[in-house]
Structure formats: structure tokens, C-alpha cells
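Chemist: How does the following fold in three dimensions:
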Amino acid sequence: MKYLMGAATAALVLGGASMAFAGSGNPASDSATASATVISPLTVTKLSDLQFGKIVEPASGSGTASVAATSGGALTMSGVTAPGGQTVTSAHFTVTGDSTTAWTAAVAAPATLTSGANSIPFAVSNSTLTGSPAEVYVGGQITVASTAVPATYTGTITVSAQYN
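Modeler: Numbers count the residues shown, from 1 in each chain. Take a look at the predicted model:
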């Protein structure tokens with residue numbers, strides 16, 4: 001019984017104090033927490049170049065050679081041939097960064113591969129595979145005409161990534 005009377009007395013005293021503060025014009029306040037999460041930057045690392053190998057130009061007309069945008073980088077040809085025993089690879093990149101933040105990758109490449117003043121048409125195909133780190137394989141297709149100058153043709157493929 002003493003406890004109940006003591007609690008009732010405290011409630012009356014505190015209630016009176018609250019009413020005194022409310023009536024005295026004192027301002028109310030609250031607080032918030034500031035926070036920031038710092039994450040690792042995205043990095044793109046090239047592991048291999050896109051290699052078509054040696055392609056024999058056709059006797060007439062034109063043909064194509066394509067390297068698949070896969071880890072195997074299979075070569076398919078139409079209207080051209082290639083000597084056996086060559087290394088053919090897709091370009092392979094890894095993208096690393098914060099695994100809980102969405103990002104996108106883009107592939108930029110020229111429309112032609114060049115050798116001095118000479119060029120051959122080129123187009124890329126890319127496939128992004130999930131994982132951590134994520135893997136990006138870039139394949140492509142070249143068109144070789146019977147008039148192509150025998151040479152090594154090159155171009156630069158750039159993979160870039162950014163957080164969304």
C-alpha cells in the first residue's frame with residue numbers, strides 16, 4: 001500500500017513539474033544521427049585481350065570471323081578460314097567494388113580495326129556475368145574482304161563501370 005501511495009504522489013509531483021515547464025515557454029528539441037557509409041571504388045581489370053588469331057582472306061568477296069563473348073571464346077567463321085593450333089580468346093575483364101551496391105558496365109570499341117591506313121570492319125558483343133568479382137567477357141566480329149591488305153589489325157576496347 002505504501003508503494004501505491006508513493007507512486008501516486010510522484011505522479012502528481014512530476015505531472016505538476018511538466019505543466020510548469022510547458023507553461024514557462026521553454027523550447028522543445030530532438031536530435032538525429034548523421035551517418036555515411038564509405039564504400040570501395042569500382043575497379044576494372046583486364047585479364048585477357050580479344051584475339052581472333054590468323055584469318056585467311058577469302059579468294060573473292062568477303063567473310064566474317066566471330067569470337068564468342070564467353071570464357072571459351074569460340075571462333076566461328078563464314079567465308080574465311082583460319083589455320084589450326086591458334087590461341088583465340090575473348091577479352092576478359094573483372095569488375096570489383098561494393099557487392100551490395102548496384103552498378104552498370106559499358107563497352108566502347110571502334111567500328112574498325114586498323115593497320116596504318118588500312119582497316120577492316122569490327123563490331124563487339126559483350127556478356128556480363130554475375131559474381132564477386134563480376135566477370136565481363138567481350139567478343140566480336142570482323143569482316144575480311146578479299147582486298148584486305150595482309151597485316152595485324154588492332155583497336156582498343158574499353159570497359160568502364162559506375163555505381164548506379
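
Chemist: Can you classify Ser29 by secondary structure?
Modeler: coil (DSSP: H, G, I helix; E, B strand; the rest coil).

Chemist: List the beta-bridge partners for the spatially closest residue to Ala111 that is not a sequence neighbour.
Modeler: By the measure of CB to CB, 6 or more residues apart in numbering, the closest residue to Ala111 outside its immediate chain neighbours is Phe122, 6.5 Å from it. Using the backbone N, CA and C atoms, a C-beta is placed for each residue, glycine as well. Assessed by DSSP bridges, Phe122 has beta-bridge partners Ile142.

Chemist: ok, Phe122 - how many residues close by?
Modeler: For Phe122, the neighbour count with other CB atoms under 10 Å is 21.

Chemist: per-residue pLDDT, it?
Modeler: At Phe122, the pLDDT value in this model is 98.

Chemist: now swap in Gly63 and tell me
Modeler: 97.

Chemist: Next: Ser71.
Modeler: Residue-level pLDDT assigned to Ser71 equals 88.

Chemist: next one: Leu129
Modeler: 68.

Chemist: where's the spatially most central residue of the chain relative to Thr43, distance?
Modeler: For the chain, Ala105 is the residue whose C-alpha lies nearest the centre (CA atoms, centre = their mean; 3.2 Å). Going from Ala105 to Thr43 by CB to CB, to the nearest Å gives 12 Å.

Chemist: list residues touching both of those two?
Modeler: Val95 (CB atoms under 8 Å, 6 or more residues apart in numbering).

Chemist: ok so, going back, could you measure from the residue nearest to Ala111 over to Asn164?
Modeler: Here Phe122 is placed at a distance of 29 Å from Asn164 (CB to CB).

Chemist: Kindly report the same for Thr143.
Modeler: On the measure of CB to CB, Thr143 and Asn164 end up 35 Å apart.
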